[in-house]
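Asker: coords please:
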Amino acid sequence: MSDVTTDKISELASGNRKMINDLYIKVFPKIKSYVMKNNGFSEDAEDIFQKVLIQVIARYKTKPFTIQSSLDGFLYVAASNLWKRELNKRKRVVTNDKVIELVSEDEDLVMASIEQEKWELFQEKLNNISENCKALLKLFFKKVPYKEIVVQLGYKSDNVVRQRIFNCKSQLTKAIQNDIRFNEFN
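Answerer: Residues are numbered from 1 along each chain as shown. Prediction:
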């Protein structure tokens with residue numbers, strides 16, 4: 001899948017009109033649905049989708065990359081992350097005509113791109129740890145109660161789950177921090 005996905009990103013970056021139209025037909029409705037379910041409007045979804053395409057193209061042209069998932073899924077996650085960022089930004093907006101926004105559109109896209117790269121690094125390292133740790137951390141990140149994790153994964157007690165989560169988080173953190181890309185974010 002990786003080579004096919006890389007080819008698709010390359011086509012997108014080269015401005016392939018058919019590819020872009022296909023993405024609008026296939027991916028945009030999902031993103032629009034997500035944005036509208038999360039306090040947005042159709043116009044917001046269009047803006048987010050365009051920003052994500054620009055972000056991916058700019059990032060690929062600067063430093064070609066591969067993704068481990070489908071391009072559709074990648075764009076959806078990038079759009080949802082960008083929309084969450086937009087919603088947080090809107091919460092901080094002061095309604096005063098004399099206040100000038102300090103963050104430019106370009107800076108915002110750069111920050112969103114960096115956040116996306118961090119998310120990709122996290123996902124990659126999560127996929128590389130043991131299956132047991134992966135299953136445990138996925139439940140933990142979904143905020144599943146410890147008692148339920150005990151039952152689902154067959155541990156003896158809440159304390160064992162807490163201890164195992166701590167160890168798995170430590171492994172994941174170490175794997176992320178030992179990756180050369182981690183230092184690029186700091």
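Asker: and residue 34, what is it in contact with?
Answerer: For residue 34, the contacting residues are 45, 76, 79, 80, 83, by Cβ atoms under 8 Å, 6 or more residues apart in numbering. In this view, the C-beta of every residue, glycine as well, is placed from N, C-alpha and C.
Asker: among those residues, which lie within helices?
Answerer: Among the contacts of residue 34, the members falling in helices (DSSP state H) are 45, 76, 79, 80, 83.
Asker: ok, residue 151 - contacts?
Answerer: In this structure, residue 151 makes contact with no residue, judged by Cβ under 8 Å, 6+ apart.
Asker: buried sites along whatever helix or strand it lives in?
Answerer: If you go by DSSP states H and E, residue 151 is part of helix 146-153. Neighbour-count burial for helix 146-153 flags 146, 149, 150 (criterion: 16 or more other Cβ atoms under 10 Å).
Asker: same deal with stretch 155-168?
Answerer: By neighbour count on 16+ other Cβ under 10 Å, the buried set for stretch 155-168 is 155, 161, 164, 165, 168.
Asker: go on, stretch 114-121?
Answerer: Neighbour counts using 16+ other Cβ under 10 Å place 115, 116, 117, 118, 120, 121 of stretch 114-121 among the buried residues.
Asker: so which bits of stretch 45-52 are buried?
Answerer: Those would be 45, 47, 48, 49, 51, 52, for stretch 45-52 by 16+ other Cβ under 10 Å.
Asker: any idea which helix or strand comes after the helix or strand residue 10 falls within?
Answerer: Taking DSSP H and E as the definition, residue 10 sits inside helix 2-13. Per DSSP H and E, the first helix or strand lying C-terminal to helix 2-13 is helix 17-26.
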